[in-house]
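**Q** predicted structure and sequence below. I'll ask about it afterward.
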Amino acid sequence: MSKQKPGIPKGMRDFGPKEMARRNYIFNTIQATFKLFGYQQLETPTMENLSTLTGKYGDEGDQLLFKVLNSGAFLKKVDTETFKAGENKVLPKISEKGLRYDLTVPFARYVVMNQNEITYPFKRFQMQPVWRADRPQKGRYREFYQCDADVVGTDSLICETEILCMIKRVFSDFKLTDYDIKINNRKILTGIAEVIGASGKEADLCVAIDKLDKIGWEKVKVELIERDFSEDAIDKLSPILSQNEHNNAGWLLFLKKYLAESEIGLKGISELEEVFSYLAKMGENQNHVVFDPVLARGLSYYTGAIFEVKVNGVGIGSVSGGGRYDDLTGVFGLNGVSGVGFSFGVDRLYDVLEELDIFPDDEVERTQIMLAYFGEEEKEACLGILATLRKAGIAAEIYPDLVKIKKQFNYAGKKGIPYVGVLGSDELENNTISLKNMISGEQESLSLEDIVEKIKQAYKTA
RNA sequence: GUGAUUGUAGCUCAGCUGGUUAGAGCGCUGGUUUGUGGAUCCAGAGGUCGCCGGUUCGAAACCGGUCUUUCACCCCA
């Protein structure tokens, strides 16, 4: 048997103890806020039927789906003729399952399957990995976690407002101060497209305009022409782009005039105004909330509010996004269920907190005391002590092998364990334990009861 | 999907225009101390030079392919 070098597939990552402590901090922080706002947890399977997934994310999205080969003789259904017809013909015959691409579509599937058991409005959160066969690069992985919170079965704009509140709360928990929650409304985009005489082309419009900061107005113009926008339309668009408004209220005032001819556009504005008014009533200001009339998001199913959160000063894309979709469950045969939701990208949040170096100290998950000993007899005595410590709620461990005391200390030092209790013949005789503080280096002889007290005390003050 | 880029010891990297036994620092193991870790000193172990093939008397180095890393574009969390 030849030795093989271990490795993991492209775009996949391991998370060691340190990463996990930090990731759990992120998960716990987000989860606490979700629960505080009345969301309940849901999990769905890793694999979905390919028929559930395909066609929901556009052609590009379909390309990025990980497909799972059928079990058994998967080639059985493929004859020479279909094989020659190419992968589009072969694929459905050899693969009927795929890895989930996001959490929203599986959620929609769940809602439809359980429509009669669910109490509406249904507020659920979900924190699970998703997979995309993308080319990995900065802030982009093939396996990454999303933390979604969605409400279905209500049109109330209170939900949108609460999303703003949740984002603000989570970010404040993370001690993030410089970030923007960009908000827009799909209806405003539709209105703009209407007003410039390019109805139905808001998606193209946004892809082009989104690059304004990056490539400049002239190049955006070129792209707009390439995307089949008329000169006239581009002229009509320019007032928005030259608008120098940085204030939400000012923007809305401007757009009310600009979109005066578009009923749907005005609807979008009034929805936004309603969200802002709720926000005020919930005692929140509009800090970090930035209205961006050209914000659009890839997923075409959004019909109302659109959110995207970007942390400033770091080279990482958006860390959170979402919006309202009026008919997500429609494709699964359940019409008239409106929903709104958003998602935190855990892996990108991790990168952001890392880059800004604002992770809290992760001492909490450490073992508090380790027992070291000199011989067989002492080792057995340690086992009882160990049980007592754990019963008292102290994270304790014993070095499992009888080795030199130096090695036992070394282990404790490496692992950052703050206390080591030493048992030797003297201690055994006097019924004491020598407790060494690994940080100060001090050592004292104590009874087991004293040690329990001391460690509990040390952690209470910490 | 397009265009670049990376791969040498556990880690971070040297290795000149192809030339004998591939190096350093850190880490690791052991000793200095058969009852005390993080310091010093001493010793030692660890590498099919990503993988496959080609050119050559000779390849870690050159060429082709492939996988992987990182990055930009596309798109997206």
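**A** Yep, that arrived.
**Q** tell me which helix or strand A:F125 sits in.
**A** Element membership for A:F125, per DSSP states H and E: strand A:122-131.
**Q** name the strands paired with that strand and say parallel or antiparallel.
**A** Its sheet considered, strand A:122-131 pairs with strand A:40-41 (parallel), strand A:143-152 (antiparallel) by DSSP bridges.
**Q** buried set for it?
**A** Judged by neighbour count (16 or more other CB atoms under 10 Å), strand A:122-131 contains these buried residues: A:122-128, A:130-131. The C-beta positions use only the backbone N, C-alpha and C, and glycine is treated the same way.
**Q** what's the closest of the residues you listed to A:I433?
**A** Using CB to CB, A:M127 comes nearest to A:I433 of these, at 41.9 Å.
**Q** per-residue confidence at A:M1?
**A** Model confidence at A:M1, expressed as pLDDT, equals 36.
**Q** would you mind listing what in the stretch 301-450 of chain A touches RNA strand B?
**A** Taking CB under 7 Å from any atom of the strand as the contact definition, the stretch 301-450 of chain A meets RNA strand B at A:308, A:315, A:317-321, A:343, A:345, A:347-348, A:374, A:404-407, A:409-410, A:412-414, A:420, A:422, A:424-427, A:434, A:436, A:438-439, A:441, A:443.
**Q** buried ones among those residues?
**A** A:308, A:318-321, A:343, A:345, A:347-348, A:374, A:409, A:412, A:420, A:422, A:424, A:427, A:434, A:436, A:438.
**Q** please flag which of these sit within helices.
**A** A:347-348, A:409, A:412, A:427 (DSSP state H).
**Q** adding pLDDT, write the residues you listed out as JSON lines.
**A** What follows is these, written out as JSON lines (pLDDT from 0 to 100):
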{"residue": "A:D347", "pLDDT": "92"}
{"residue": "A:R348", "pLDDT": "92"}
{"residue": "A:F409", "pLDDT": "93"}
{"residue": "A:A412", "pLDDT": "92"}
{"residue": "A:E427", "pLDDT": "93"}
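**Q** so is the strand holding A:F125 next to RNA strand B?
**A** No: judged by CB under 7 Å from any atom of the strand, strand A:122-131 makes no contact with RNA strand B; its nearest approach is 8.1 Å.
**Q** export that strand to CSV, keeping only CA atoms.
**A** Output of strand A:122-131 as CSV, limited to C-alpha atoms (Å, rounded to 0.1, in the frame of the first residue of the first chain):
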residue,chain,number,x,y,z
PHE,A,122,-43.6,32.0,10.7
LYS,A,123,-40.3,33.3,11.9
ARG,A,124,-37.4,31.0,11.5
PHE,A,125,-33.7,31.2,11.6
GLN,A,126,-31.2,28.7,10.1
MET,A,127,-27.4,28.5,10.5
GLN,A,128,-25.9,25.9,8.2
PRO,A,129,-23.3,25.5,5.5
VAL,A,130,-24.0,26.1,1.9
TRP,A,131,-22.0,25.1,-1.1
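**Q** now it: average pLDDT?
**A** Mean predicted lDDT for strand A:122-131 stands at 96.
**Q** circling back to that earlier point, let's see which of the residues of the stretch 301-450 of chain A next to RNA strand B end up in strands.
**A** A:308, A:320-321, A:343, A:345, A:420, A:422, A:434, A:436, A:443 (DSSP state E).
**Q** so A:A198, which of the three states?
**A** Of the three states, A:A198 takes coil under DSSP: H, G, I helix; E, B strand; the rest coil.
**Q** ok, now which ones touch it?
**A** By CB atoms under 8 Å, 6 or more residues apart in numbering, the contact set of A:A198 is A:205, A:229-230, A:233.
**Q** quick one: which of those is nearest RNA strand B?
**A** For the contacts of A:A198, the residue nearest RNA strand B by CB to the nearest atom of the strand is A:L205; the value is 11.7 Å.
**Q** and that closest one, what element?
**A** Element membership for A:L205, per DSSP H and E: helix A:202-209.
**Q** next SSE downstream of that helix?
**A** Taking DSSP H and E, what comes next after helix A:202-209 is helix A:212-215.
**Q** average pLDDT across that next one?
**A** Helix A:212-215 comes out at a mean pLDDT of 75.
**Q** check which element follows that helix along the chain.
**A** Counting by DSSP H and E, what follows helix A:212-215 is helix A:217-226.
**Q** mind giving me the packing neighbours of that next one?
**A** Counting contacts by 3 or more CB pairs under 8 Å, 6 or more residues apart in numbering; DSSP states H and E, helix A:217-226 is packed against helix A:202-209, helix A:231-242.
**Q** what helices or strands is the last one leaning on?
**A** Helices and strands in packing contact with helix A:231-242 are listed as helix A:186-195, helix A:217-226; criterion 3+ CB pairs under 8 Å, 6+ apart.
**Q** ok now it, how far from the chain's centre?
**A** How far helix A:231-242 lies from its chain's middle: 36 Å, per CA atoms, centre = their mean, to the nearest Å.
**Q** helices and strands around the least confident helix or strand in chain A by mean pLDDT, which ones?
**A** The helix or strand of chain A with the poorest confidence is helix A:212-215; it has a mean of 75 (mean pLDDT, DSSP states H and E). Using 3+ CB pairs under 8 Å, 6+ apart as the contact criterion, helix A:212-215 has no neighbours among helices and strands.
**Q** C-alpha coordinates for that helix, PDB please?
**A** The C-alpha coordinates for helix A:212-215 follow below in PDB (Å, rounded to 0.1, in the frame of the first residue of the first chain):
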ATOM      1  CA  LEU A 212     -20.000  53.400 -10.900                       C
ATOM      2  CA  ASP A 213     -17.600  53.700  -8.100                       C
ATOM      3  CA  LYS A 214     -15.200  51.300  -9.700                       C
ATOM      4  CA  ILE A 215     -15.000  52.300 -13.300                       C
END
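**Q** chain neighbours aside, what residue packs nearest to A:L50?
**A** Leaving out its chain neighbours, the residue that sits closest to A:L50 by CB to CB, 6 or more residues apart in numbering is A:G98, at 4.7 Å.
**Q** and the one you found, what does it touch?
**A** Contacts of A:G98 by CB under 8 Å, 6+ apart are A:47-50, A:53-54, A:65-68.
**Q** which helix or strand contains it?
**A** Per DSSP H and E: strand A:95-99 holds A:G98.
**Q** please state the offset of the least confident helix or strand of chain A from the chain centre?
**A** Relative to where its chain is centred, helix A:212-215 has its mean C-alpha point 27 Å off (CA atoms, centre = their mean).
**Q** stretch A:215-235 too?
**A** So, by CA atoms, centre = their mean, the centroid of stretch A:215-235 is 35 Å from its chain's centroid.
**Q** cool, and stretch A:139-149?
**A** That offset, for stretch A:139-149, works out to 5 Å (CA atoms, centre = their mean).
**Q** check stretch A:279-298 too.
**A** Here the centre of stretch A:279-298 is set off from its chain's centre by 20 Å, with CA atoms, centre = their mean.
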